[in-house]
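[1] I would like the atomic coordinates for the input below:
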Amino acid sequence: MVEAVSNSTWNSIATAPDDVELELCVSDSGEYHALAFPCRRNGVGWSDVRLNKMVPIRPTHWRL
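    Residues are numbered from 1 along each chain as shown. Below is the predicted model of the structure:
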């Protein structure tokens, strides 16, 4: 189960839009964690919006 950090609903990563700033969730040993920084999918992977740098993550869920 994904922990609720805000009132927004988590969505499957398969439905994540491209080129939109999103909050992402990742799974680590069966526990889900929201990332502390916003990300954007750019066609080849995910980038940290603040640093404009690619991040090696495999998110499971997203929300605005």
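
[2] Centre-most residue in this structure?
    Relative to the mean C-alpha position of the chain, the nearest C-alpha, by C-alpha atoms, centre = their mean, is the one of Leu24, at 1.7 Å.

[3] Where does pLDDT dip in this protein?
    Scanning the chain with the threshold set as pLDDT under 70 gives 1-7.

[4] who's sitting farthest from the centroid in it?
    Here, in the chain (C-alpha atoms, centre = their mean), the farthest residue from the centre turns out to be Ser29, at 17.0 Å.

[5] need the strands for the protein, in chain order.
    11-12, 23-28, 31-34, 39-41, 46-48, 53-55, 61-63 (DSSP state E).

[6] Met54: how many residues sit nearby?
    13 (other C-beta atoms under 10 Å). Glycine gets a C-beta too; all of them are placed from N, C-alpha and C.

[7] correction: Ala16
    Other residues near Ala16 come to 18 when the count uses other C-beta under 10 Å.

[8] looking at it, it is touching Asn42, isn't it?
    No: the pair Ala16 / Asn42 is not scored as a contact, 11.7 Å apart, by C-beta atoms under 8 Å.

[9] in stretch 56-64, what's buried?
    If you call a residue buried by 16 or more other C-beta atoms under 10 Å, then stretch 56-64 has these buried ones: 59-63.

[10] Return the residues in contact with the closest residue to Arg50 other than its chain neighbours.
    Spatial nearest neighbour of Arg50, chain neighbours left out: Phe37 (5.7 Å); criterion: C-beta to C-beta, 6 or more residues apart in numbering. Taking C-beta atoms under 8 Å, 6 or more residues apart in numbering as the contact definition, Phe37 lies against 48-51.
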